[in-house]
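K.L.:
Got a sequence here, can you build the structure:
(chains A and B)
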Amino acid sequence: MSIQQIQDEIVEEFALFESKDDKYNYIIELGKHLAAYPEAHRTPDKLIKGCQSQVWVHPEMHNGLVHFHGDSDSILVKGLVGLMIRTLSGQPPAQVAEADLYFVDRIGMKQMLSMNRANGLAAMIKQLKLYALAYTMQAAE
Amino acid sequence: MLDLEKIRAEFPILQQKIQGKPLIYFDNAATSQKPRQVLDALQQYYTSMNANVHRGIHTLAERATAAFEETREAVRAFINAPSAEQVIFTRGTTESINLVAGSFGRKFIGPGDEIIVTTMEHHSNIVPWQMLCEEKGAVLKVIPINDAGELLLDEYEKLLSERTKLVAVVHVSNALGSVNPVAEVVRLAHQVGARVLVDGAQAAPHYQIDVQALDVDFYAFSGHKVYGPTGIGILYGKLDVLEAMPPYLGGGEMIKEVTFAKTTYNELPYKFEAGTPNIADAVALKEALAFVNQLGQNQIAAHENALLAHATQAVADVPGLRLVGTAQHKASVLSFVVDGLSALDIGMLLDAQGIAVRTGNHCAMPLMQRFGLTGTARASFAVYNTLEEVDSFVAQLRRVVKMMN
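P.N.:
Below is the predicted model of the structure:
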């Protein structure tokens, strides 16, 4: 599936939730079930700056597609990392770098997060795109 | 007894709903809400007397100057300072501390001199001294604390020597609520001839401050934590030391005479108030202090202590919850962690229920390191908070903990 198709799928899923609590519960479940983060990459350079919680993201390239691993000490944030990974992992890096992540607004993620926390979210998205951009440049060389 | 319904009615902001729920504002240690009389004073200042203070000869300038100086006198009375000229307006506690570091420090701290702080300081009472020490080749020493969050006075005594020039200590810890024995800290410091600066940002909203009884050399606090506006703060200093200190900022207001050859400086307090001050917020601060005085500081403290005692008891059996800061003498701050949960998650999920608490390191990273934590969740109470709000908070906290496990 393309990044757009995955986003549309997420937007549809969230449209089914009737209450805010349901959304939070879903994100908590996503956080709890996110694939284990590779411990070898729990290093300071993989920490994303600008987040109130600790967020680690590690990128890898396999067969021309970028894959992300992520983790956080906050379960909610980990759930959001999970949504990002679901959207962007396994995609061509050029498309990740240019992705318009409209699902963030459509599922009301920023309403669930305050501005302070939304800054952290922006930092996370920026970092994911920077990794993808770096791979795109590498491939071009 | 305080009439809470009447008090709450004075705070328009508390009447609103957040996320569809009645707002429960428990982030008072970060900033307090403002009563109507403060809001009215701001409005009235700009609608009837706005002009630049001092020197103006017209009616508005005189009104503005009188109102501005009336607040100075109100602050003097509020902290029992000997004279109003010892009350300097700043932007807030942080600027007050930086003023002392930049002025007293510039003149009186030299290589090898020592400055003592405590483990529980806010960054604003650490970083200015670190910057000063770096510049002057002075040494920063730190008073350790016990697991309850109380200063180890024995260790403090060992740190004191004739090299100690300044002790900078927080009156009430923002992250733990600990109330420090400031008078004793001052007495010991004075024995070695050191000056003492007290960060009173968290104390001024809760306790009657008497700078003469405490015998402090400097006392700093912020208007916005005492039900007043943001952007206005206070530095009190003893007369001899303030007079010996050089100006902090250069500009208008702080001068007596300027020629290109030499400038002579104005008298206290204006020597330290360069530029147009924050007149409107200073004027409104008087109303905030009046609000506190009307209710009575002892009444306020008694109510807040009751809230703290109730909350402390109510959270005791929340699964996995541990209080951070269990000092004998404590202000209305409930700082805690829950096993397996990040403070951020607790804060976000409480916010979804309209409950405002603070999460994180509370600008006290060294303190968090002392406890081996990255942060805590903190509920802090003010005079307008109620026992019912505490009950709602604890019920929601239980729900959040269950939800996450």
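
K.L.:
Can you tell me which residues in the stretch 301-405 of chain B are near chain A?
P.N.:
Counting by C-beta under 8 Å from any C-beta of the partner chain, the positions of the stretch 301-405 of chain B adjacent to chain A are B:341-342, B:344-345, B:348-349, B:351-352, B:359-360, B:374, B:403-404. Where you see a C-beta, it was placed from the backbone N, CA and C, and this is true even at glycine.

K.L.:
The same query, at a cut-off of 7 Å, please.
P.N.:
By C-beta under 7 Å from any C-beta of the partner chain, the residues of the stretch 301-405 of chain B that approach chain A are B:342, B:344-345, B:348-349, B:351-352, B:360, B:403-404.

K.L.:
For the residues you listed, which two are the farthest from each other?
P.N.:
Spanning the widest gap among those are B:Gly360 and B:Met403, at 20.8 Å by C-beta to C-beta.

K.L.:
Compare the two and say which is more crowded by neighbours.
P.N.:
Neighbour count, other C-beta atoms under 10 Å in any protein chain shown: between B:Gly360 and B:Met403, B:Gly360 has more, with 21 against 15.

K.L.:
Run through the residues that contact that one.
P.N.:
By C-beta atoms under 7 Å, 6 or more residues apart in numbering or on different chains, the residues touching B:Gly360 are A:52, B:343, B:375.

K.L.:
Name the nearest of these relative to B:Ala64.
P.N.:
Set against B:Ala64, the nearest of the contacts of B:Gly360 by C-beta to C-beta is A:Gln52 (41.2 Å).

K.L.:
quick check, the closest one in a strand?
P.N.:
No - read with DSSP: H, G, I helix; E, B strand; the rest coil, A:Gln52 is coil and lies in no strand.

K.L.:
Point me to the residue of chain A nearest chain B.
P.N.:
Nearest to chain B, among the residues of chain A, is A:Ser74, at 4.1 Å (C-beta to the nearest C-beta).

K.L.:
Who are the contact partners of that residue?
P.N.:
A:53, B:342, B:344-345.

K.L.:
which one of those has the most neighbours?
P.N.:
Highest neighbour count within the contacts of A:Ser74, by other C-beta under 10 Å: B:Asp345, with 29 neighbours.

K.L.:
wait, that residue sits on A:Ile75?
P.N.:
Yes - assessed by C-beta atoms under 7 Å, B:Asp345 is found in contact with A:Ile75 at 5.4 Å.

K.L.:
coming back round to it: tabulate the contacts of A:Ser74 (a markdown table), appending pLDDT and distance to A:Leu80.
P.N.:
What follows is the contacts of A:Ser74, written out as a markdown table (pLDDT from 0 to 100; distance: C-beta to C-beta, whole Å):
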| residue | pLDDT | distance to A:Leu80 |
| --- | --- | --- |
| A:Ser53 | 79 | 10 |
| B:Ser342 | 91 | 13 |
| B:Leu344 | 90 | 11 |
| B:Asp345 | 91 | 11 |
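
K.L.:
would you turn those residues into a markdown table with distance to B:Leu99 and secondary structure?
P.N.:
Output for the contacts of A:Ser74, formatted as a markdown table (distance: C-beta to C-beta, whole Å; DSSP: H, G, I helix; E, B strand; the rest coil):
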| residue | distance to B:Leu99 | secondary structure |
| --- | --- | --- |
| A:Ser53 | 35 | coil |
| B:Ser342 | 37 | coil |
| B:Leu344 | 34 | helix |
| B:Asp345 | 39 | helix |
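
K.L.:
May I see the buried residues of the helix or strand of chain A with the lowest mean pLDDT?
P.N.:
Among the helices and strands of chain A, helix A:109-112 carries the lowest confidence by mean pLDDT, DSSP states H and E, at a mean of 75. Neighbour counts over helix A:109-112 (16 or more other C-beta atoms under 10 Å in any protein chain shown) mark A:109, A:112 as buried.

K.L.:
starting at the chain centroid, how far to it?
P.N.:
Centroid separation for helix A:109-112 versus its chain: 15 Å, with C-alpha atoms, centre = their mean, to the nearest Å.

K.L.:
Now the very next helix or strand once past that helix: buried residues?
P.N.:
Moving toward the C-terminus from helix A:109-112, the next helix or strand (DSSP states H and E) is helix A:115-140. Using 16+ other C-beta under 10 Å as the test for burial, helix A:115-140 gives A:117, A:120-121, A:124-125, A:127-129, A:131-132, A:135-136.

K.L.:
could I get those as JSON lines with pLDDT and distance to chain B?
P.N.:
Below are the buried residues of helix A:115-140 laid out as JSON lines (pLDDT from 0 to 100; distance: C-beta to the nearest C-beta, whole Å):
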{"residue": "A:Arg117", "pLDDT": "65", "distance to chain B": "7"}
{"residue": "A:Gly120", "pLDDT": "78", "distance to chain B": "9"}
{"residue": "A:Leu121", "pLDDT": "82", "distance to chain B": "12"}
{"residue": "A:Met124", "pLDDT": "88", "distance to chain B": "14"}
{"residue": "A:Ile125", "pLDDT": "90", "distance to chain B": "18"}
{"residue": "A:Gln127", "pLDDT": "92", "distance to chain B": "18"}
{"residue": "A:Leu128", "pLDDT": "93", "distance to chain B": "20"}
{"residue": "A:Lys129", "pLDDT": "95", "distance to chain B": "23"}
{"residue": "A:Tyr131", "pLDDT": "95", "distance to chain B": "24"}
{"residue": "A:Ala132", "pLDDT": "95", "distance to chain B": "26"}
{"residue": "A:Tyr135", "pLDDT": "93", "distance to chain B": "30"}
{"residue": "A:Thr136", "pLDDT": "91", "distance to chain B": "32"}
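
K.L.:
wouldn't A:Gly31 be in contact with A:Gly70 here?
P.N.:
No - using C-beta under 7 Å, A:Gly31 and A:Gly70 do not qualify as a contacting pair, with a distance of 10.3 Å.

K.L.:
now the helices for the chain?
P.N.:
Answering for chain A, as no chain was given. Taking DSSP state H as the test, the helices found in chain A are A:3-15, A:20-33, A:75-88, A:93-98, A:103-106, A:109-112, A:115-140.

K.L.:
That was the other one, I meant chain B.
P.N.:
Secondary structure of chain B by DSSP H: the helices cover B:4-9, B:36-48, B:59-79, B:93-108, B:127-136, B:153-159, B:182-191, B:211-214, B:239-244, B:279-295, B:297-315, B:343-351, B:365-370, B:387-404.

K.L.:
got the contact list for the residue nearest in space to the middle of chain A?
P.N.:
Chain A has A:Met84 as the residue nearest its centroid, 2.2 Å off, counting by C-alpha atoms, centre = their mean. Going by C-beta under 7 Å, 6+ apart, A:Met84 touches A:124, A:128.

K.L.:
Now do the same for it: its pLDDT.
P.N.:
We have a pLDDT of 93 for A:Met84.
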